[in-house]
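>>> here is a sequence with its predicted model. Questions after.
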Amino acid sequence: MMPFVRVKKLLTKFSRQLTWPAMFLLILLQALITYLLFIIAQEDKLTSSPFEFFYYNMVVVSTVGFGDLSPVSQLGKSIVAFWQIPSGLVIFASFISKTTQLFINIARKNMNGSNDFSYLDDHILLLCWDKYSTEQIVRLILGDKKRKKRQILLCVTDEMKDPFPEIDEISFAKLRTFSDTNELARIALKKAKRIIVDGKSDDETLSIALSIATYADKNANITAHFFDQTKAQLLKMHCPHIECSIDNSAKMMVRSMQDPGSSQVTEQLLSTLNGATLYSFKVPELETEINFGQIFERFKQQYDMILLGYSKDKNGDDMCLNPHNETMIDSAYHLHYVANERINAEEIDWKSLY
């Protein structure tokens with residue numbers, strides 16, 4: 001048993017040291033030498049067709065041994081016994097070992113978050129980790145069945161392994177820091193179209209948001225979550241294109257006390273997992289302006305949507321809810337509505353609204 005273990009260790013060490021080009025060169029060299037030896041031995045049946053020889057050689061070196069092709073001369077059999085089988089087994093075992101190690105390394109990189117994701121484009125970045133809030137964020141993103149199918153990349157600086165290995169739409173990256181430009185390039189920050197920053201504290205969220213603001217696409221939708229409004233205001237001063245959400249638990253408690261059931265309305269409006277949900281889109285190029293009341297009525301009749309309001313700013317800083325019916329809407333506006341599922345702007349027959 002001990003010699004077998006030693007041979008296995010030697011083969012593993014040998015395969016790890018070999019580069020892939022060297023490995024394929026060895027495979028080619030073994031097959032070429034075997035082919036030439038069979039020509040010398042006049043094994044015409046084995047060498048008449050390159051494809052037949054390739055098939056025969058693979059059957060032998062992999063120890064499958066169908067027996068449909070075999071040498072007939074004593075010299076040919078000697079070549080098989082003293083060269084083809086020993087050399088083939090060593091190279092084949094090394095190839096299997098190297099291939100296995102390749103998949104093991106890929107799995108380790110996936111779990112440890114050390115993979116390079118610079119090839120990603122139009123993806124979602126989650127710059128956060130909290131067992132409960134991050135899992136909920138993921139569920140809510142995936143719960144939007146009509147969302148654009150973007151890859152989600154979870155980025156952390158914690159010592160941890162991939163928390164979502166079973167979900168194909170989520171990749172995992174472990175960064176040294178969010179201020180390292182090489183690390184930001186590894187997660188393709190510049191090409192991300194949706195970014196959520198939700199640190200363990202407001203200070204961490206502020207630090208991460210400021211670090212990425214310079215390098216992220218200015219047209220990307222970036223949102224950062226805070227508990228302290230002053231930290232959110234500080235970020236908005238330096239990065240007005242980042243949308244800041246503030247914890248509203250106190251407001252929600254007062255609203256629920258004064259108007260029972262308000263918390264459930266808010267919960268359902270924000271959740272993609274249950275009932276009607278709040279969505280938005282930008283109005284496309286229109287032939288002429290159209291008033292809010294007309295859009296409101298047509299949306300409800302034709303698409304079962306409830307139009308809540310509009311904003312000219314993408315982040316909603318100038319949000320106007322329940323505007324006057326005569327308010328004119330054009331292509332510069334973002335409309336916010338409630339529907340049972342997302343309805344994209346291109347699904348609307350805008351001409352029929354006039």
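Yep, it's here. Numbering: from 1, shown residues only.

>>> mind listing the helices for the stretch 201-350 of the chain?
Residue ranges of the helices in the stretch 201-350 of the chain, as given by DSSP state H, counting those that start in this stretch, are 202-213, 229-238, 249-258, 262-270, 292-303.

>>> looking at those helices, which is closest to His336?
Of all these, it is helix 262-270 that lies closest to His336, at 10.5 Å by CB to CB. Where you see a C-beta, it was placed from the backbone N, CA and C, and this is true even at glycine.

>>> alpha carbons of that closest one, as CSV, please.
Extracted in CSV, the C-alpha atoms of helix 262-270 (Å, rounded to 0.1, in the frame of the first residue of the first chain):
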residue,chain,number,x,y,z
SER,A,262,-49.7,51.8,8.0
SER,A,263,-46.7,49.6,8.7
GLN,A,264,-48.2,46.7,6.7
VAL,A,265,-48.9,49.0,3.8
THR,A,266,-45.3,50.1,3.8
GLU,A,267,-44.0,46.6,4.2
GLN,A,268,-46.0,45.4,1.2
LEU,A,269,-45.1,48.4,-1.0
LEU,A,270,-41.4,47.7,-0.5
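
>>> tell me what that helix is packed against?
When contacts are defined as 3 or more CB pairs under 8 Å, 6 or more residues apart in numbering; DSSP states H and E, helix 262-270 sits against helix 249-258, strand 277-282.

>>> for Gly67, find the nearest of the ones you listed.
strand 277-282 (65.3 Å).

>>> what lines up beside the closest one in the sheet?
Sheet pairing for strand 277-282, assigned by DSSP bridges, gives strand 334-339 (antiparallel).

>>> per-residue pLDDT of Lys161, please?
On pLDDT, Lys161 comes in at 89.

>>> can you give me the strands for this structure?
Under the criterion DSSP state E, the chain carries strands at the ranges 124-128, 152-156, 170-174, 194-198, 221-226, 243-246, 277-282, 290-291, 306-311, 320-321, 328-329, 334-339.

>>> from these, which stretch is densest packed?
Most buried of the strands of the chain by mean neighbour count (mean count of other CB atoms under 10 Å) is strand 124-128; its value is a mean of 25.

>>> taking their axis directions, that strand and strand 194-198 sit at what angle?
10 degrees (axes from the mean of the first three to the mean of the last three CA atoms, to 10 degrees).

>>> who touches strand 124-128?
134, 137-138, 141, 150-156, 178, 187, 189, 192-199, 208, 212 (CB atoms under 8 Å, 6 or more residues apart in numbering).

>>> now with 7 Å, please.
134, 137, 141, 150, 152-155, 178, 187, 189, 192, 194-199, 208 (CB atoms under 7 Å, 6 or more residues apart in numbering).
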